[in-house]
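Peer 1: What follows is a protein structure lacking sequence information:
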């Protein structure tokens with residue numbers, strides 16, 4: 001299946017893991033194995049994503065037997081765009097699907113579609129927050 005908009009697996013994992021942490025008591029450390037089990041994710045991949053979030057200043061990381069992770073900021077203040085760009089880098093607008101531009105400049109039939117999708121994706125991700133997630137049960 002072709003996807004016009006695609007998030008990396010790491011960005012998807014970061015969104016869900018940080019949202020999960022957002023629903024926990026901020027004074028409670030949650031182990032990466034607990035988060036991985038809840039999300040059905042690889043603990044190794046999750047640990048790498050959570051370490052990146054810690055370097056970025058979104059989560060607190062504590063090592064040791066009683067260690068784990070907790071969200072530092074309020075979930076209402078963390079946008080999905082911030083998390084996606086933390087993992088995948090800035091969202092850039094697609095300009096042309098061909099290796100070199102073959103259409104007449106500004107006359108590409110797909111150009112307006114990509115402009116619209118880019119604006120819509122950035123707008124949605126910048127207006128949605130971790131607190132907007134709804135899980136079946138935690």
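Peer 2: Now that the structure is in, tell me what you want to look at. Being a predicted model, the structure only gives us computed values, none of them experimental.

Peer 1: Find the helix or strand that residue 50 is a member of.
Peer 2: helix 43-56 (DSSP states H and E).

Peer 1: Ignore what I typed, I meant residue 16.
Peer 2: Judged by DSSP H and E, residue 16 forms part of helix 9-22.

Peer 1: That helix relative to helix 43-56, how many degrees between them?
Peer 2: In terms of direction (axes from the mean of the first three to the mean of the last three CA atoms, to 10 degrees), helix 9-22 departs from helix 43-56 by 70 degrees.

Peer 1: Packing partners of helix 9-22?
Peer 2: When contacts are defined as 3 or more CB pairs under 8 Å, 6 or more residues apart in numbering; DSSP states H and E, helix 9-22 sits against helix 32-39, helix 43-56, strand 68-71, helix 80-88. Where you see a C-beta, it was placed from the backbone N, CA and C, and this is true even at glycine.

Peer 1: By mean pLDDT, which helix or strand of this protein comes out lowest?
Peer 2: Every helix and strand of the chain was ranked by mean pLDDT, DSSP states H and E. The lowest is helix 111-127, at a mean of 86.

Peer 1: Give me the buried positions along stretch 50-61.
Peer 2: Residues of stretch 50-61 classed as buried by neighbour count (16 or more other CB atoms under 10 Å): 50, 53, 58-59, 61.

Peer 1: and if you look at stretch 16-36?
Peer 2: 16-22, 24, 29-30, 32, 35-36.

Peer 1: would you turn these into JSON lines with distance to residue 99?
Peer 2: Listed next are the buried residues of stretch 16-36 as JSON lines, based on distance: CB to CB, whole Å:
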{"residue": "16", "distance to residue 99": "34"}
{"residue": "17", "distance to residue 99": "36"}
{"residue": "18", "distance to residue 99": "36"}
{"residue": "19", "distance to residue 99": "38"}
{"residue": "20", "distance to residue 99": "40"}
{"residue": "21", "distance to residue 99": "41"}
{"residue": "22", "distance to residue 99": "41"}
{"residue": "24", "distance to residue 99": "46"}
{"residue": "29", "distance to residue 99": "48"}
{"residue": "30", "distance to residue 99": "45"}
{"residue": "32", "distance to residue 99": "40"}
{"residue": "35", "distance to residue 99": "40"}
{"residue": "36", "distance to residue 99": "39"}
